[in-house]
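Asker: Just a sequence and a predicted model for now, questions to come.
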Amino acid sequence: MSTRDELKKGQREFSFWIGVAAAGHVAVIIAVVLLQVLYVRLHPPVKIVNVSLVSLPGLPGPAGGPKIPAAPAEVKKAAEPSPAPPKQAAVKKVPEPTPPQQKKAPEPVVAKKVPVPVVPPKKVPDPVVPKKLPEPVVAKKVPESVVPKKEVPTDAAKQRQQNLDAAIDRLKNKTETQKPAAKPAASDVSDLSSSMANLQKKITTQGGGGPASMGAGRGGGGGAYGTGGGAVDAYKAKIKEIVSGNWVTPSRALLRKLNGMEVIVRIWIMPDGSIGERKYIRPAPSEFMNNSVVQTLNKSVPFPPPPKEYGPRGVVYDLNFTPEDLVVK
Amino acid sequence: MSENAGGGIFSMLSGAGPVVILVLLVLIMFSIISWAIIAYKFGFVRKSIRESQDFLDSFFQSPNADRLFASSESFRNGSLPRVFRAGYVEYSSMRDKSTITQLRERVTLAVKREVNAESKRLTHLVPFLATVGNTAPFIGLFGTVWGIMSSFQNIGLMKTASLVAVAPGISEALVATATGLVAAIPAVMGYNYFTQQIGQIERDLEDFVPDFIDSYLNQ
């Protein structure tokens, strides 16, 4: 009955409740963890695949890369600008005809297969024949695309032609001053290499934040990019290889323009390997790039069936097409 | 990266700094103690109110002090029976030795002392709830501010202000504020409930103390 006894009894009771509260907190924490694990199991996170957009010819070395067939859509696309675009647009579009160009790096080619005749032949003072170029350099592709012709010139085409002529003249001067056959146009190369260096720097400074696809370099024979980086499972790597192998390579000039653009496509691969659904999470401002992605995906279908672990619902991937992968060799 | 996104709070906290972790531990400790106090006091106050009510019922049935004292043996946790017992013990020890006026004074004094003791017993530990309710959000905020400071430092180190560099630090810092609120909200609710209940008991004590004293002296 003494107050001391009551105090002791109260302390004992309070200690008991402390224990109960601690146990309750532990239980709540465990429940939260279990719920999260359960939630992740029920809604598996979408896997992200960074697709190497470009297979750079030449850069890794003078190895004959595999020829990638040009997409028919490119031709269509390149022919599009003819309906009277303003001067600025015409200038911008100039490089676009080049994408269908194939990377056939070290061969001295006179006129490569450029399916898009944009310029009437008469205006071209002299179809520039670039001499043995180990690497197809952007500027050189322009005249190449000019060689074949056959199309009715419009006003816009004339303007474009003028721009082209000026560019060709400049180019011609450059190529003539730098005679040695194996030498690419110096300013072009330096231009390109400086932009490459910038990109490289950007990616390296990003550290861990860089694309997961960075990793092993491109083989001399032109295999797919290495999986490198993260914990990518074999199937994911395979999908990536297929998609990047089917990528329709644009020209470098175009690549420079596309620099910084990104297309994210979510695809749902059904158990039989077909694409059940595709959704453009983030399209690029350039129609050309979007079309290229569409073409690439169309060419890649059907994929190999996903492994059984993914279950009967198939698997969902986010494909991240970004020209910054260009830096990854 | 996407795997981490599904990992939830705990994968997020794996990268938190020591200050944020310390803040979280303090807040979790506060929360445990608050809940223990709430549970302990809830039983205590409920029992006190119930026994006081039962004692009052028997008090109204027979105002005989001797019999009430006998029945109050079974209400040892109620505030009213405790005050009554204290007054009765004082009255019994003094009734043959002093005049009625002195007796009344002594009993009143004893009852007043017991009321104070009872009030102290009832409010014991309750102010801690108010402390947690007031300070836990600020402690959590401190953890958040510290976490965001580190996060901004990382921006400088990584030389990029991209969301990838900033977001994890900020989100793990915000966990501290969330924990502070989780600790504070029940503490504030418990504090309000107990102050209201204890106030009610204290008002009952004030009301019935004169009746108790009369019941001793009038028998």
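Answerer: Looks like it arrived, so ask away. Numbering: from 1, shown residues only, chains lettered A, B, ... in the order given.
Asker: Can you pull up the most central residue in chain B?
Answerer: Centroid check for chain B by Cα atoms, centre = their mean gives B:V126 as the closest residue, at 2.6 Å.
Asker: Next, count neighbours for the spatially closest residue to it that is not a sequence neighbour.
Answerer: When the adjacent residues along the chain are set aside, B:V126 lies closest to B:F194, with 5.0 Å between them (Cβ to Cβ, 6 or more residues apart in numbering or on different chains). From N, CA and C alone the C-beta is placed, and that goes for glycine too. Residues within reach of B:F194, counting by other Cβ atoms under 10 Å in any protein chain shown, total 22.
Asker: I'd guessed B:F194 sits against B:R46; true?
Answerer: No. Using Cβ atoms under 8 Å, B:F194 is not in contact with B:R46, being 10.7 Å away.
Asker: What pLDDT is listed against residue 79?
Answerer: Using chain A. For A:A79, the pLDDT comes out at 40.
Asker: right idea, wrong chain: chain B
Answerer: 91.
Asker: could you list every residue that touches it?
Answerer: Counting by Cβ atoms under 8 Å, 6 or more residues apart in numbering or on different chains, B:S79 touches B:48, B:52, B:118, B:122, B:201, B:204-205.
Asker: just those now: which is nearest B:R85?
Answerer: For these, the minimum distance to B:R85 (Cβ to Cβ) is 11.0 Å, reached by B:E118.
Asker: Does anything pack onto the helix or strand encompassing B:Y193? Which helices or strands?
Answerer: Taking DSSP states H and E as the criterion, B:Y193 maps to helix B:163-217. When contacts are defined as 3 or more Cβ pairs under 8 Å, 6 or more residues apart in numbering or on different chains; DSSP states H and E, helix B:163-217 packs onto helix B:8-13, helix B:18-61, helix B:65-71, helix B:79-94, helix B:100-123, helix B:126-158.
Asker: quick one: contacts of the third one?
Answerer: Think helix B:65-71. B:55, B:58-59, B:62, B:84-85, B:88, B:91, B:215-216, B:219.
Asker: how about a cut-off of 10 Å?
Answerer: B:54-55, B:58-59, B:61-62, B:64, B:72, B:81, B:84-85, B:87-89, B:91-92, B:212, B:214-219 (Cβ atoms under 10 Å, 6 or more residues apart in numbering or on different chains).
Asker: Tell me the buried residues within these.
Answerer: B:54-55, B:58-59, B:72, B:81, B:84-85, B:87-88, B:91, B:212, B:215-216 (16 or more other Cβ atoms under 10 Å in any protein chain shown).
Asker: how far away is the residue nearest to the centre of chain B from B:S93?
Answerer: 33 Å (Cβ to Cβ, to the nearest Å).
Asker: same thing with A:V32?
Answerer: In this view, A:V32 and B:S93 are 59 Å apart by Cβ to Cβ.
Asker: What ranges in chain B fall below the confidence cut-off?
Answerer: Counting by pLDDT under 70, chain B shows low-confidence ranges at B:1-12, B:160-161, B:164-165, B:219.
Asker: nearest to chain A, of the buried ones among the contacts of helix B:65-71?
Answerer: Lowest distance from chain A to the buried ones among the contacts of helix B:65-71 (Cβ to the nearest Cβ) belongs to B:R85, with 9.8 Å.
Asker: Make sure that closest one is actually in contact with B:S74.
Answerer: No. The criterion here is Cβ atoms under 10 Å, and B:R85 misses it with B:S74 at 11.6 Å.
Asker: circling back: neighbour count for the contacts of B:S79 - can I get that in TSV?
Answerer: Formatted as TSV, those follow (neighbours: other Cβ atoms under 10 Å in any protein chain shown):
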residue	neighbour count
B:S48	23
B:S52	25
B:E118	21
B:L122	20
B:I201	19
B:D204	17
B:L205	23
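Asker: Just give me the neighbour total for B:L27.
Answerer: Counted with other Cβ under 10 Å, B:L27 comes out at 26.
Asker: er, A:V265 I mean
Answerer: 24.
Asker: ditto for A:T3
Answerer: The burial count for A:T3: 10, using other Cβ under 10 Å.
Asker: measure it to B:E118 for me?
Answerer: 12 Å.
Asker: Over to A:P305?
Answerer: For A:P305, the distance to B:E118 - Cβ to Cβ - is 78 Å.
Asker: Also A:W247?
Answerer: As judged by Cβ to Cβ, A:W247 and B:E118 stand 83 Å apart.
Asker: How about A:G19?
Answerer: A:G19 is 28 Å from B:E118, by Cβ to Cβ.
Asker: returning to that earlier point: the residue nearest to B:V126 reaches B:S48, doesn't it?
Answerer: No. In this structure B:F194 lies outside contact range of B:S48 using Cβ under 10 Å: 11.3 Å.
Asker: hey, what's in contact with both of the two?
Answerer: B:L122.
Asker: what's around B:I213, how many residues?
Answerer: Neighbours of B:I213 using other Cβ under 10 Å come to 19.
Asker: Contacts only, for it.
Answerer: So B:I213 contacts B:84, B:87, B:91, B:103-104, B:107-108, B:110-111 (Cβ under 10 Å, 6+ apart).
Asker: Just the element for A:I281, please.
Answerer: strand A:275-282.
Asker: quick one: average pLDDT of that strand?
Answerer: Strand A:275-282 carries an average pLDDT of 77.
Asker: Check which helices and strands that strand sits against.
Answerer: For strand A:275-282, the packing partners by 3 or more Cβ pairs under 10 Å, 6 or more residues apart in numbering or on different chains; DSSP states H and E come out as strand A:263-269, helix A:287-300, strand A:315-322.
Asker: Can you say which of these is nearest to chain B?
Answerer: Across the helices and strands packed on strand A:275-282, closest to chain B is strand A:315-322 (Cβ to the nearest Cβ), at 8.2 Å.
Asker: who's in contact with B:W146?
Answerer: Contacts of B:W146 by Cβ under 10 Å, 6+ apart are B:16-20, B:22-23, B:173, B:176.
Asker: For B:L109, grab the count of nearby residues.
Answerer: Neighbours around B:L109, by other Cβ under 10 Å: 12.
Asker: That one and B:E90 touch, don't they?
Answerer: Yes. Using Cβ under 10 Å, B:L109 makes contact with B:E90 at a distance of 7.9 Å.
Asker: B:F142 contacts B:L24, correct?
Answerer: No. The pair B:F142 / B:L24 is not scored as a contact, 11.3 Å apart, by Cβ under 10 Å.
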